[in-house]
Every structure is written in structure tokens, then in C-alpha cells.
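Enquirer: here's a sequence, model it:
(one chain, ligands or ions: 1)
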Amino acid sequence: MGGEEQWSWMVLALAATASCVLLHVAARVADALWWRPRRLEAHFARQGVRGPPYRLLVGCVREMVALMAEATAKPMSPATSHNALPRVLAFYHYWRKIYGPTFLIWFGPTPRLTVADPELVREIFLTQAEAFDRYEAHPVVRQLEGDGLVSLHGDKWALHRRVLAPAFFPDNLNRLVPHVGRSVAALADRWRAMACAGEVEVDVAEWFQAVAEEAITRATFGRSYESGRVVFRMQGRLMAFASEAFRKVLVPGYRFLPTKKNRMSWGLDREIRRGLVRLIGRRSDAAADAVENDGTAVKDKANNNTNNNDNNNKGFRDLLGLMINARDNKSMPVGDMVEECKTFFFAGKQTTTNLLTWATVLLAMHPDWQDRARQEVLAVCGPGELPSKEHLHRLKTLGMILNETLRLYPPAVATIRRAKVDVILGGGQLAIPRDTELLIPIMAIHHDARLWGPDAARFNPARFAAGAARAAAHPLAFIPFGLGSRMCIGQNLALLEAKLTVAILLQRFEFKMSPKYVHAPTVLMLLYPQYGAPVIFRPIDSLSSSPPSDSTQAS
Ligand code: HEM
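Expert: As a prediction, this is how the structure comes out:
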């Protein structure tokens, strides 16, 4: 064979190989975008599970967006109704009526099975939990929430959860009561000072952010509160930028473009990291000095706030200190600690702000329950003292009100899992292939009349009189903090903050909704009042205008 002929054969062979590769890739793409979704649709249909039809590339996202846009265009009607599900999860409400409680939707070519039956929920979160993983968030959300507990998996998640859990034990959190109480009392004093003609109107959705930020900053940084606060302020600004981006920008890759806002976000992100690394360095050095001087016991104390400058923090185990101690055991690098701090700010601030906002809105809408709760608070805590940890424990009516708030307006309206393996649920009824996502619409379970009775859409805290597990026809019908091993780690902190804040406001004010308020719950990551939550506060005259005495002492 001549050189020229040999060359032609090589070109032909290369062209044939390239064609094979191209064909193979094209076949894979066609399978992923068309044949696999069709096979899965048929697979679920054979089990009686149906849903809106899959459309090439987009799945049923277009219909979902249209249903949500239509629902959020109008406020709730009637304006006092708590039947918010059709507005908040419009697509769920619409398709559930057509396809029943378990149905299949498509996020692009990704199948998402919607499951609202508490027995299936039990299997997903408890009895077969090892077959499911938490879902990977949108990259914009991921960047914000940090690579901490919320998004970790496997051994690393287990280690972090073990290290951080002691910060949320009730006896530890009780030490925060005086701090949080004082910050709420300061807020109440400001509102009292702002009141003209005997009352003041404030948007509680805005103001409660400061209360939630104070608590999460204390819980994370303890005695390094002041430096931590500077870092978390920046994190707050970053979150504001990102939630704007999340709202407006659906262009893939937009977050990488050097726009003015993006450059500001990147700069803030760098500053936050630097600030946290510096702070961790200072705390680690202090702990190391303590070891050199006095041995290990003192090191633990150095990390756990026995600073003389802040005796009220005495013995408090903050998240940073717990992580630094773990790092000494070589288990948590600085980068991981930075990510956890970001995660806790993200997971802890807005969720609690939302709970506080909806609880205040509901009490303003239901003056009968506001009166009952106030009577309880005055009977247990008196009119002028900051509630103590012992007081909080005795505020049963307020506890019921917070539960009913979390039922009707759960800050996290849904959660998602992904099947890691093929799995069979419902005693053999439901075969779920690997990589199927499961959408658990927490809010829909909370509003289901078959579980909660015909008054499911009514605000009736009395249904929680015998405890959360007995409030509905199924013990797992109430899951505002999730379920199982990945249940919210901050639940005790959120409830403590909410009880304390609402108790202090009830002591000091009567409140009602502003005529400007438009009842329009909507979802943007969490459940928000779409047009804010303006509430009118009228200081209770029996109180003196001087700041209340602080009867509580840190324990
Ligand atoms: C009313 C307030 C809150 C609500 C309704 C809430 C809700 C939830 C829910 C539903 C989950 C589970 C998500 C899932 O299973 O996919 C969760 C997890 C989590 N929450 Fe909360 N949360 C609240 C407050 C807080 C606070 C105050 C903190 C931190 C101080 C926090 C930190 C976390 C973390 C780190 C996780 C992930 C836990 C893990 O995967 O191990 N949350 N939360």
C-alpha cells in the first residue's frame, strides 16, 4: 500500500470512529431527553401514578410557572382566609385535583414524584431513609447556604452534626434567653418611642430580621459576638443580592458574568471568608494559649465563653467553639468551619423571621387568641419582667399558637429527596427508580382536610392542646421542621426565640393589622408575605415607659 492510500484509510477510519462517537452521544442525549422520560412515565402509569405530560427539555416547568404566576397575581380572597395552599403551591393544588395525592411532574427531564401521604412520608424520612439523599440546591442558593450541614452527605455530615448538636441542647440555649430578651425589649422600646397618637405602624417582616440575626449571631459566635456581627451583616447584604438575582435572573451562567452586582457579591463573599478565617484564627490562638498555660480543661473553657467581659455568656457552647475543639482533634478544617458559619446564618435567620412574622400577623388577625395569649403571658411573667427560661416553659397557649402558625404558614413549604437506589415503598405498591426526585409538600400535608378535619383552613390553636402528635388524624401530619435524622437542628432555637419575642410584645402592646396589609402569602425559597406585613402596635398604658427590669440571670 502506497503512503497516499494508507493516509486515506486512516482518514476514513478516523471519520468512521468520529461518526460512531457522535451517534453514541446523540443516542445518549435523545435517551436522556426523550426516551427515558417516556419510559418513566409509562413505568409510573403502570402503578397508577400519572401527572402532566412530559415536554421535550422543559418538562412541565412552563405550566408550573404559569400556574404560580396566575395565583400570585391576586391577593387572598376573602382577605382573611387561611386557605393559602392554592396561592402558595398553585401547581400542586391544581394537579392534585386531577391526578390525586401522589403524582409525577417534570423539572426539565428530571422526574419529581409528589408525595403527601404521611405513611409514605414515614418511609422516606424514617424507615427507608438510607435509600434517599437530600437534594442538591440551585447553584445560587448553594453559594449562599454554604457547604455546611444542610448540603453535606454521608460521614462528613454525620461528623458535623455530632460536633454541632450540643449548641442546640435546651440547657445550652436557655443561656441565650437574657440576650435575646434584651434585644427584643430594645426593639419594643424603639417602637414605643416611635408611637405618635398612641400607636406605631411597622413592617414586622423587616424588623424581626434584627431579632433573628441577633440570636443566630450569639448562637454561632458566643463571646466573639461583636466580630461575628460584622461578618454576618455582610452575609445579610450578600443574601439580599442573591435573592434579587434568584428572583430576576433565569439565564444560565448569569452569575458568572462580571456585572456590577455580581462583582459586589464576589467582593462581599471574599470579605466574609477573610473575616471568618481571622475570627477563627483568633479563637484558635486563644484556645492554644489556654492549653499552654493551664491544660486542656481551660482550652475548652476558652472556646466556650468564660470570657470575663461577658459573664452572661458563661458556659455557653457556641457553634464556633465546638468546631474549633473538633478541629483540634483534626476533624474540621478552617474551610469547613467557614462554610458552616454561612450555613447557620442562611438556615437560621430568615426561617425564624418568617415564623415570627406569621405568628404576629395571625395574632393581629385573631384578637380573641391575642387576648388569651396576653392573659397567659401576664399571669406567668407579669407585666414588666423579661420572661425567663422557666416562664417560657409554662407558656402553653403561646406554644399552641406557634404550632398552629407553623401548620398554616410553614416557612419551609416543601422539601425534596432523591432516590439513591431503586426503592419500593407502600408495601410493594410504589417502585421508584434510582435518581427520581421526591417532592414532599409540607404545607399541603398541613392543610389536608382528611388529616386535620373540615376546619383545616381555620386558625384554631386549640387543636394542639394535647400536643403536636395528637393534633391530627396521623402523628406525622405536622412536620414544619422535617423528620428523621436530617430534621432541623435549629428547631429549639427557633421556638425559643419565637416564644420569647411574642411574649415580650404581648406584654407591651396590643396590635392589629394595618389597613395597608394585603394578605398574600407567597413562596420564594421560604413562605413570605408578598407585600410585607405592616402591623399597628399600641403600647399598653399600664406599663411605665421606662425599660423593663431584667429579672433573668444567665445560668
Ligand atoms: C421556624 C424556623 C425554622 C424552620 C421552619 C426550619 C425548617 C427546617 C426544615 C424543614 C429542615 C429539614 C429540611 C429537609 O429535611 O430537607 C431544616 C433543616 C435544617 N435547619 Fe432549620 N428551620 C428553622 C430554623 C432553623 C434555625 C434557627 C437554624 C440554625 C440555627 C436551622 C438550621 C438548620 C440546619 C443546619 C438544617 C439541616 C440539618 C441537617 O441536614 O442535618 N434551622 N430546617
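
Enquirer: what number of residues lie near residue 47?
Expert: Neighbouring residues of residue 47 were enumerated by other C-beta atoms under 10 Å; the total is 13. The way it works is simple: take the backbone N, C-alpha and C, and place the C-beta from them, glycine included.

Enquirer: what about the residue nearest to residue 367 when sequence neighbours are not counted, helix or strand, and which?
Expert: Spatial nearest neighbour of residue 367, excluding adjacent residues (C-beta to C-beta, 6 or more residues apart in numbering): residue 512 at 7.1 Å. Secondary structure assignment for residue 512, by DSSP states H and E: strand 509-513.

Enquirer: who touches that strand?
Expert: With C-beta atoms under 8 Å, 6 or more residues apart in numbering as the test, strand 509-513 has contacts from 188, 191, 360-361, 363-365, 367, 370, 374, 505, 534-540.

Enquirer: how about residue 126: what's its closest non-neighbour residue?
Expert: Nearest to residue 126 is residue 484, by C-beta to C-beta, 6+ apart, at 5.1 Å.

Enquirer: my read: the one you found touches residue 129, true?
Expert: Yes. At 5.1 Å, residue 484 and residue 129 qualify as touching, with contact defined as C-beta atoms under 8 Å.

Enquirer: so where's the protein shaky on pLDDT?
Expert: 1-2, 243-255, 289-314, 328-329, 542-555 (pLDDT under 70).

Enquirer: for it, which residues are neighbours of the ligand?
Expert: 134, 149-150, 161, 216, 219, 343-344, 347-348, 351-352, 355, 411-412, 415, 480-482, 486, 488-490, 493-494 (C-beta under 6 Å from any ligand atom).

Enquirer: buried residues in the host helix or strand of residue 498, which are they?
Expert: Per DSSP H and E, residue 498 falls inside helix 491-508. Under the neighbour-count criterion of 16 or more other C-beta atoms under 10 Å, helix 491-508 has 492-508 buried.

Enquirer: got the CA coordinates for that helix in PDB?
Expert: Provided in PDB are the C-alpha atoms of helix 491-508 (Å, rounded to 0.1, in the frame of the first residue of the first chain):
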ATOM      1  CA  GLN A 491     -35.700  23.800  66.000                       C
ATOM      2  CA  ASN A 492     -35.200  24.500  69.700                       C
ATOM      3  CA  LEU A 493     -33.500  27.800  69.000                       C
ATOM      4  CA  ALA A 494     -36.300  29.000  66.600                       C
ATOM      5  CA  LEU A 495     -39.100  28.100  69.100                       C
ATOM      6  CA  LEU A 496     -37.200  29.700  72.000                       C
ATOM      7  CA  GLU A 497     -36.700  32.900  70.000                       C
ATOM      8  CA  ALA A 498     -40.300  33.000  68.800                       C
ATOM      9  CA  LYS A 499     -41.900  32.300  72.200                       C
ATOM     10  CA  LEU A 500     -39.700  34.900  73.900                       C
ATOM     11  CA  THR A 501     -40.300  37.600  71.200                       C
ATOM     12  CA  VAL A 502     -44.000  37.200  71.000                       C
ATOM     13  CA  ALA A 503     -44.300  37.000  74.800                       C
ATOM     14  CA  ILE A 504     -42.400  40.300  75.200                       C
ATOM     15  CA  LEU A 505     -44.600  42.000  72.500                       C
ATOM     16  CA  LEU A 506     -47.800  40.800  74.100                       C
ATOM     17  CA  GLN A 507     -46.700  42.200  77.500                       C
ATOM     18  CA  ARG A 508     -46.100  45.600  76.000                       C
END
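
Enquirer: for it, packing partners?
Expert: Applying 3 or more C-beta pairs under 8 Å, 6 or more residues apart in numbering; DSSP states H and E, one finds that helix 491-508 contacts helix 170-173, helix 177-194, helix 204-221, helix 334-365, helix 367-381, helix 389-393, helix 396-408.

Enquirer: one more time with 10 Å
Expert: Applying 3 or more C-beta pairs under 10 Å, 6 or more residues apart in numbering; DSSP states H and E, we find helix 491-508 packed against helix 170-173, helix 177-194, helix 204-221, helix 334-365, helix 367-381, helix 389-393, helix 396-408, strand 534-539.

Enquirer: looking at those, which is closest to residue 256?
Expert: helix 334-365 (19.7 Å; C-beta to C-beta).

Enquirer: count the residues that sit near the residue in the stretch 151-300 of the chain that the ligand sits nearest to.
Expert: As assessed by C-beta to the nearest ligand atom, the ligand sits closest to residue 161 within the stretch 151-300 of the chain, at 5.1 Å. Here the number of neighbours of residue 161 (other C-beta under 10 Å) works out to 14.

Enquirer: excluding chain neighbours, what is closest to it?
Expert: Per C-beta to C-beta, 6+ apart, closest to residue 161 is residue 149, 6.3 Å.

Enquirer: contact partners for that neighbour?
Expert: 156-157, 160-161, 163-164, 339-340, 343-344, 347, 486, 489-490 (C-beta atoms under 10 Å, 6 or more residues apart in numbering).

Enquirer: one more pass at 8 Å, please.
Expert: 157, 160, 161, 164, 340, 343, 344, 347, 489.

Enquirer: give me the neighbour count for the fifth one.
Expert: As a burial measure, the neighbour count of residue 340 was computed by other C-beta under 10 Å and equals 26.

Enquirer: can you tell me the helix or strand for the nearest residue to it once chain neighbours are set aside?
Expert: Leaving aside its sequence neighbours, residue 340 sits nearest to residue 148 (C-beta to C-beta, 6+ apart; 4.1 Å). Following DSSP H and E, one finds residue 148 outside all helices and strands.

Enquirer: count of residues packed around residue 148?
Expert: Counted with other C-beta under 10 Å, residue 148 comes out at 23.

Enquirer: nearest to the ligand: which residue in the stretch 351-500 of the chain?
Expert: Closest point on the stretch 351-500 of the chain to the ligand, by C-beta to the nearest ligand atom, is residue 490, at 2.1 Å.
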